[in-house]
Structure formats: C-alpha cells, structure tokens
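Trainee: kindly return the folded structure for what I paste below:
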Amino acid sequence: MRPLLIIVLLIALALALAPGARAQSPSRDWRPEDRTVIGDFSRITAIATAIDRVYVSAPSAVLIWNPQFQQWQGPYDPPSPTLLMGVFGALTDPLDNSLWLARPDGWVHFQSELQLWDEGRVPDGVQSIAFDANDPTTGLYLRTRRGWLLLPRGGLLASPSRAPARPTTPARIDDVLRANPALQANSAQILVDPRLGVARFTAAARSFDNLGWYIGTSGVGLLFVPDGAGLPERMPFGLSSPAVGAVFGWPDGVWAATDRTPQSEAAVTYVERQFKEFQTVQGPPAAGLPFTQVRKLTGQGSALLAATDRGLARIATGDGRVELVDQSRGLPDSRVYAVVSRQGRLTVGTRRGLARVSDSLRVERLAPRFADPVLAVFPSGDSVWVGTQRGLLLALPGQQDVVRPAGLASPSLQAPVVALAALGDTIVALTRDQMLWRDPGTQAWTLGPNLSALLGGLVAFAADGPGFWVAGERGVAFARLTTPPVRPLRDGDLPGRSNDLAVDRDFLWVATDGGLVRFRLDAIRP
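Mentor: Now for the predicted structure:
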C-alpha cells in the first residue's frame, strides 16, 4: 500500500503545482479601484437599499449605486466565482449597512468598506431572511422549512430561534405591482430585451427616500420606478456580453465592442472612465448590428469605425446610426481585420488586401495586385506599412503591389506582424513573439527580446510613455523596446484571453473574453 500511497501523493502534488492550478491566483491583492472587471449586468438577482447606497447583486458580482452622487461603485467580485449563484434575496444590515444575501443553501455576508466576504450553509435550506425591527442587534434570522434560525452577530453558525417579532424581509415583486398597477400593464413593453426576448422581473427594493422602487430583471438590468410612473427609468451598467473583442480610447472613457454570442447581440458600449455613464449601441431591435464580431476600433470625428467580419462599419455615436462598407462597395473583401485613422485618412486591411476610405465612404484600392490577408496597417506619409503573415511590407503610392524594404530582407525579420504603432519617431511592429522596430536615424531594423514565453502569443500593444503595454494570449505586461516584460498581469488578474488594449492618462483598459478590465496605472506601472 505504501508505494500506492506515494504515487497518489505525487499525483496530488503535481496537480497542485500545475500551471492550471495556479491560473486563478491573482498576482497581487487588488483593491476595487485598482482593478475592475466590467461584464454583463443585465441579470439582477437581488436588491437592497440603505440611506447612502443601493446594493445590486448579479450572478458574478455585487454593484453599489450611490443615489446622492449618481455614480456606481464596484463591481465587487466574490472570492469564489460561484458564491453569488442562486442568490434570491437581499437585506441591508440596519447597524452597519453591510449586505446580507440569501441563497437556497445558505447565506452570504459582504462588508464593502472592508472588502470582507463570509458565507454559511444551512442544511435545511433557506426560504427567506429577516431582521427583527424591534431588536436588530440580535442578528440575521433565517427561515427554513423546519422553522426559524438565528445567526448571531459575529457568528458563523445559526441555531434554532423564535420568529422575529417584527420581521423586516426582502420586498417582493408582487409588492411593486400592487403599488404600481400601470407597471404590470406596461410589462410587455418594459421587459423586451435586445433580442426581442421577454425578460422578467426578478427583485425589488423600496428606495430609502420612499419615492419609488428599484427593480431587477432577468435581461434588461436595473430599473427605477418613481411612484405613480407607468414606465421605469433604466439604470444601465456594464456591457451586453463579456466577450469584448476591441476597445478604443475616447474623451473621458472608452468604447468597447462585444461580440454576438448565443446569449447576446453584438454591441458597442461607451464606458465613462469613472462609470458614471454607459451608452450602448445595439442597432434596430429586430435586426441588431449588421455584424457578429469586431476586430478593431478607431475614431474619426464623432464617429466610430469598426473593423468587423461583415465590412467596415461607421457608427454615429450620437444616434447609433450604422453605415456598412463591404466588398459590394469596393473593399477587397468584407472581412476587415484592421482599421486606422491617421493623418485625416482611414486605412483598412482586409482578408484580401488593403484600401483607403474617404469621409464619404468612397473606397480606393491600394496596391491592388496584393491579395493576402492584412493583419495591421500604419499610414506614413503617402505610404502604408502593412502587417501580413509574410512579415512587414510597404505599400508605396501609385504602385500595384507591396514591396519588402531591403532592411527587412533577413528571414529573421519576416515573422507575421499582428499590430503596428509608433513610439515617437520610431515605427514599431508587433509579431507573435516580440517587437520589431526601425531606428529613425539609421533606418536599421531590430528585434526586441522574446515576450511570448511569458505572455503567450502576442495580439496587441498600446504605447505608454517610454514603452508599450503588450497583450498576449496568457497575460499583459509593460515592455520597452529592448527589455523583457515587467510586472506581468496573468490569468488570475484577467478574466479571459486578452484581445485588445487602450491606455489613457490614468487607466489601462484590456478587452478580454471575460469582460473589459480597467487597471489603474499607478497600481501596475513598473
């Protein structure tokens, strides 16, 4: 038996040390203001109110709405991704304004000021929770199928108890509908999600000022219904989907593009940098946006330009109107991989060549004999640097095909190029493994150190001061042209595979398959 026991122990040790086992551990102890993950908060499970806050629980995190300053706080991620699953009721603690949540199998307690989470299981199940208005100091009452339990303050185990004398329990949707009969009459109009599916009311809480109701839904997020109103006000937070394909910096915030999934439509959402505003463009209710996936975003004036799987989309940020330029309107191919707005021009890379697009959306082919996939573009004067699977090429004005500059003749400098940018006067290309740049004085090209060994295959980069934030399939890090990556953000820091980056004066924004992540630069800069 001893050899078998040793083998079992060795297997357990190997699993514990495996990369996958470490993948969920963050690289540091994050404060919410230093790292915030924005995802889909259209499904609300519970709401609780206090004098200075409204708690909103979703399946993945808790939000706090500050009614005085009209501003969101959070999201606050639980220590376990399954902790908030099944939540069906919420109460604010009358003594310290902390949050208590009811689950069918137990309870959850969250103290936002201290960032502390506690939980407990109840073998007989939980049907409701309550505080005793006559004596709120006693603790939380739990109603089970066998009667009442009391969880004393500071305790983790509930014991049998009498029923609370004056129970304060979570509000019910029926309470809201009785108080607002017009709400029920207009529910068909209110509860239509962007896919024309019918959502439902899931939670409710009376506002602390007693002027209306906060209502949670299963598909259209959080609503507020002033007393006497027939239609509620929407209180948007988050994205339509956690699958974020691209992000682009904008005054006072960013635009994030989310892909169409089995659960959600494609959308682009403006996220104000302090989460004071969320503005989502989803197209007409019946048809949605005319694409499934966005690979890159840029801006021109007040419009967004999106490189999509169906063409180049120009999106008016004011009214959400969308114009699509595809192969039928002159593009080499409708599958657009790259778009750059530079020097007053739009340059587009497609599956079969590149083009220039005017303000009136008229298409001019560049290097028309070149029909390879264009992964990245960077206009420079009248020429365009072109990132391809065959390396970095150059489209010269008036030429029918692209050329490879003599300085890039070495096979070592011909790796596929996935992104292009400038650092001052220096043109920089990103390959799947490292950066490649041209010295503006000598015109010589140089390969930087390997970055993919730590970050995985590289996908995007964004200039910041003396270097770049570089995103790979397994992480994000800062790197100068001649240095390895520094202080990487890895699996536990990112909710999914990285797809794109944007940086402003205070924040790094990372588009991932698991949401849009905002990092405070002061917390992550080397």
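Trainee: show me where the stretch 51-200 of the chain has strands.
Mentor: 54-57, 62-66, 71-76, 89-92, 99-103, 106-111, 116-121, 128-132, 139-144, 147-152, 159-160, 167-168 (DSSP state E, counting those that start in this stretch).
Trainee: list the helices and strands the second one packs on?
Mentor: With contacts taken as 3 or more C-beta pairs under 8 Å, 6 or more residues apart in numbering; DSSP states H and E, strand 62-66 sits against strand 54-57, strand 71-76. (C-beta placed from N, C-alpha, C; glycine too.)
Trainee: export the longest one as CSV, just CAs?
Mentor: I take that to be strand 71-76. This file holds the C-alpha atoms of strand 71-76, laid out as CSV (Å, rounded to 0.1, in the frame of the first residue of the first chain):
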residue,chain,number,x,y,z
GLN,A,71,-22.5,57.1,-9.5
TRP,A,72,-21.7,53.4,-9.5
GLN,A,73,-19.2,51.7,-7.2
GLY,A,74,-17.7,48.3,-7.9
PRO,A,75,-18.2,45.8,-9.3
TYR,A,76,-17.1,43.8,-6.2
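Trainee: in it, which residues are buried?
Mentor: 72-76 (16 or more other C-beta atoms under 10 Å).
Trainee: can I get those residues in CSV with pLDDT and distance to Asp401?
Mentor: What follows is these, written out as CSV (pLDDT from 0 to 100; distance: C-beta to C-beta, whole Å):
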residue, pLDDT, distance to Asp401
Trp72, 93, 52
Gln73, 92, 55
Gly74, 90, 53
Pro75, 94, 50
Tyr76, 94, 55
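Trainee: between those, which sits nearest Asp29?
Mentor: Proximity of the buried residues of strand 71-76 to Asp29 (C-beta to C-beta) peaks at Tyr76, which lies at 14.2 Å.
Trainee: burial measure for the closest residue to that closest one other than its chain neighbours, as a count.
Mentor: Residue nearest to Tyr76 in three dimensions, not counting chain neighbours: Val62, with 4.7 Å by C-beta to C-beta, 6 or more residues apart in numbering. Residues near Val62, counting by other C-beta atoms under 10 Å, number 27.
Trainee: then the one 3 residues further on?
Mentor: Other residues within reach of Trp65 by the criterion other C-beta under 10 Å amount to 21.
Trainee: Leu366 now?
Mentor: Leu366, neighbours per other C-beta under 10 Å, totals 27.
Trainee: touching, it and Val384? I think so.
Mentor: Yes - between Leu366 and Val384 there is a contact under C-beta atoms under 8 Å: 6.2 Å.
Trainee: would you list every one of the helices in this protein?
Mentor: 2-17, 19-22, 173-179, 181-185, 187-190, 452-455, 521-524 (DSSP state H).
Trainee: list the residues that contact Val503.
Mentor: Taking C-beta atoms under 8 Å, 6 or more residues apart in numbering as the criterion, Val503 is in contact with 249, 462-464, 469, 509, 521.
Trainee: and the furthest pair within those?
Mentor: Ala463 and Trp509 (14.0 Å).
Trainee: quick one: the residue nearest to Gln414 when sequence neighbours are not counted and Pro526, what's the gap?
Mentor: Leaving out its chain neighbours, the residue that sits closest to Gln414 by C-beta to C-beta, 6+ apart is Gly391, at 3.6 Å. Distance, Gly391 to Pro526, by C-beta to C-beta, to the nearest Å: 30 Å.
Trainee: swap in Pro262?
Mentor: Distance from Pro262 to Pro526, by C-beta to C-beta: 40 Å.
Trainee: these two: who's more crowded?
Mentor: Neighbour totals were compared for Pro262 and Pro526, and Pro526 leads with 11 against 4 (other C-beta under 10 Å).
Trainee: thought Val486 was touching the more buried one, still the case?
Mentor: Yes - using C-beta under 8 Å, Pro526 is in contact with Val486, at 4.2 Å.
Trainee: mutual contacts of those two, please.
Mentor: By C-beta under 8 Å, 6+ apart, the residues touching both Pro526 and Val486 are Phe478.
Trainee: need the pLDDT of the residue lying closest to Val294 once chain neighbours are set aside.
Mentor: In space, and not counting its chain neighbours, Val294 is closest to Ala257: 3.5 Å by C-beta to C-beta, 6+ apart. Per-residue confidence at Ala257 stands at 98 (pLDDT).
Trainee: separation between Ala257 and Asp40?
Mentor: For Ala257, the distance to Asp40 - C-beta to C-beta - is 14 Å.
Trainee: pick out whichever of those two has more residues nearby.
Mentor: Neighbours per residue (other C-beta under 10 Å) separate Ala257 from Asp40, with Ala257 holding more: 34 against 20.
Trainee: what residues are bridge-paired with the more buried one?
Mentor: Taking DSSP bridges as the rule, Ala257 bridges to Ala246, Val268.
Trainee: how many neighbours does Ala303 have?
Mentor: 17.
Trainee: what's Trp255 in contact with, if anything?
Mentor: Neighbours of Trp255 in contact, by C-beta under 8 Å, 6+ apart: 247-248, 268-271, 297, 299, 304, 317.
Trainee: what's the spacing between it and Leu304?
Mentor: Between Trp255 and Leu304 the distance, using C-beta to C-beta, works out to 6 Å.
Trainee: name the residues of stretch 390-401 that are buried.
Mentor: Those would be 391-395, for stretch 390-401 by 16+ other C-beta under 10 Å.
Trainee: make that stretch 43-55, sorry
Mentor: For stretch 43-55, the neighbour count (16+ other C-beta under 10 Å) marks 43-50, 53-55 as buried.
Trainee: follow-up on the earlier one: out of the contacts of Trp255, list just those in strands.
Mentor: 247-248, 268-271, 297, 299, 304 (DSSP state E).
Trainee: distance of Leu211 relative to Ala179?
Mentor: From Leu211 to Ala179 the distance is 12 Å (C-beta to C-beta).
Trainee: and if you look at Asn134?
Mentor: 25 Å.
Trainee: between the two, which one's more packed in?
Mentor: Legend: neighbour count by other C-beta under 10 Å for Asn134 and Ala179, higher for Ala179 (16 against 11).
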